[in-house]
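Asks: sharing a model that was predicted from the sequence below.
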Amino acid sequence: MLTIDELFAGLRRSPDVEAPNLFAVDAADRLILDLAAESLAAVAGSQIVVIGDHYGALTLGTAASYGLDGIRVHQDELTGERALARNADAAGLSARYRQCDVDADLLDGARVILVQLPRSLGALAEIADAIASFADPEVRVYAGGRDKHISVAMNDVLAQRFERVQASRGRQKSRVLTVSGPTPRAVPEYPVTSRVPDLDLTVVAHGAAFAGAKLDIGTRYLLDFLPRATAGSTAVDLGCGTGILAVALKRLRPDVTVIATDQSAAAVASARATAAANGVDVDVLRDDAMASLPDAGTDLIVCNPPFHVGAAVHTGAATKMFRAAGRVLRPGGEMWTVYNTHLNYRAALARSVGTTEVMGRNAKFTVVRSTRDLP
């Protein structure tokens, strides 16, 4: 049996972005496991739930340390799911856990829940609502993260759903909130629905979806350019979030097959609901940078790429998306991208996709059109 240190030393982030300053295990993982040790030792594996495990440290650390199986897991990001699967296979622990959606299947009867705190308060609120609704009344939740990503507002969100919220002392710039005494709400807060009147658009958002039920200003700027895009027969909203660009494309080009794709489970659920709320037919796909789409089979890609990987500011995720676009676009196909001007993605798009022209720029954002070079 591997020791915890041996296990952690072998964990990888792949297929997520890997770089010298990006790690598969952090101090928050270790602190969560240490503080939850007594609780974990007192329950069966089927009573343990892990939410937001980045690459498997919490799930596999629990399975290996206590010889448990039946652990239930939810990870919003598909790359996290796949990294956990690869790491579990390498450690011989693949049979020790199963993946679930955030619902009763994940949480029914749960006594101990380990959480890597999400970046957004909305995501935390939706997780907390689900725990309070479905978990055992005696549940204890250990929710941790790096100090720089934890705010007092997180305590407030949890305090609205639980009677007791206690913050641990910090260790290696990490902290854990220990939570108990669930107080379920009569009506769940999420998903949230809002209207964008000037666009006659309804947006539906789960907690972890980027920008929530709002229209973020980068996407709003890119919308102005969509009528100029050459759609062909197939278009993709890459990193679709709540699916606003996909809905707008389908409205502009009803005869075009529009695919909305994102690696986030919350984004996919949100995009599917947004399309339905606006009465348009969009194919919604959970995928990692269009990996399941064929080479040279897409006419148009629209994209508002991220500038972070998890909680770290890093352009690796966007670069991965640009390379995927170069593979998926047919020769002569177009990619329209909006980005914060200071990121200067133009050169990266030119390398990965093809000739890239600036089509518009305002005080904060740049919109470019990249054309897939002909053979």
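Replies: It's in. Owing to the predicted nature of the structure, the values given are computational and were not obtained by experimental measurement.

Asks: low-confidence ranges in this protein?
Replies: 1, 307-315 (pLDDT under 70).

Asks: at 50 instead, please
Replies: 308-314 (pLDDT under 50).

Asks: break this structure down into its structural domains.
Replies: Following automatic domain parsing, one gets these domains for the chain: 4-182, 192-372.

Asks: got those as a markdown table, with mean neighbour count columns?
Replies: From N, CA and C alone the C-beta is placed, and that goes for glycine too. As requested, the domains of the chain are exported to a markdown table (neighbours: other C-beta atoms under 10 Å):
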| stretch | mean neighbour count |
| --- | --- |
| domain 4-182 | 19 |
| domain 192-372 | 20 |
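
Asks: gap between stretch 35-50 and the chain center?
Replies: Here stretch 35-50 shows a centroid-to-chain-centroid distance of 25 Å under the convention C-alpha atoms, centre = their mean, to the nearest Å.

Asks: what's the span of it, first residue to last?
Replies: Stretch 35-50 has an end-to-end distance of 14 Å (C-alpha to C-alpha, to the nearest Å).

Asks: quick one: contacts of it?
Replies: The contact list for stretch 35-50 (C-beta atoms under 8 Å, 6 or more residues apart in numbering) reads 33, 58-59, 62-63, 65-66, 68-74, 96-97, 106-107, 109-115, 135-136, 140, 142, 144, 168, 176, 178.

Asks: do the same with stretch 355-367
Replies: With C-beta under 8 Å, 6+ apart, stretch 355-367 has contacts from 217-218, 221-222, 224-225, 228, 336-341, 345-346, 349-350, 368-371, 373.

Asks: tell me which of the residues you listed fall in strands.
Replies: Trp336, Thr337, Val338, Tyr339, Asn340, Val368, Arg369, Ser370, Thr371 (DSSP state E).

Asks: Trp336 is in contact with the last one, correct?
Replies: No - the pair formed by Thr371 and Trp336 falls short of the contact definition of C-beta atoms under 8 Å, at 10.4 Å.

Asks: quick check, Leu223 in contact with Leu199.
Replies: Yes - using C-beta under 8 Å, Leu223 is in contact with Leu199, at 7.4 Å.

Asks: spit out the residues that contact the two alike.
Replies: What both Leu223 and Leu199 touch, as defined by C-beta under 8 Å, 6+ apart, is the set Ala248.

Asks: and stretch 228-236, end to end?
Replies: Rule used - C-alpha to C-alpha; the end-to-end distance of stretch 228-236 is 16 Å.

Asks: next one: stretch 44-55
Replies: 23 Å.

Asks: could you point out which element follows the helix or strand where Asp156 lies?
Replies: Using DSSP states H and E, Asp156 maps to helix 152-159. Next helix or strand after helix 152-159 toward the C-terminus (DSSP H and E): strand 162-167.

Asks: for that next one, which strands pair with it and how are they oriented?
Replies: strand 174-182 (antiparallel) (DSSP bridges).

Asks: just the strands from the stretch 151-300 of the chain, written as ranges.
Replies: Applying DSSP state E, counting those that start in this stretch to the stretch 151-300 of the chain gives strands spanning 162-167, 174-182, 192-196, 201-205, 234-238, 257-262, 283-286, 298-303.

Asks: can I get those in CSV with distance to Ile4?
Replies: Below are those laid out as CSV (distance: least, C-beta to C-beta, whole Å):
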stretch, distance to Ile4
strand 162-167, 24
strand 174-182, 16
strand 192-196, 39
strand 201-205, 37
strand 234-238, 38
strand 257-262, 33
strand 283-286, 31
strand 298-303, 40
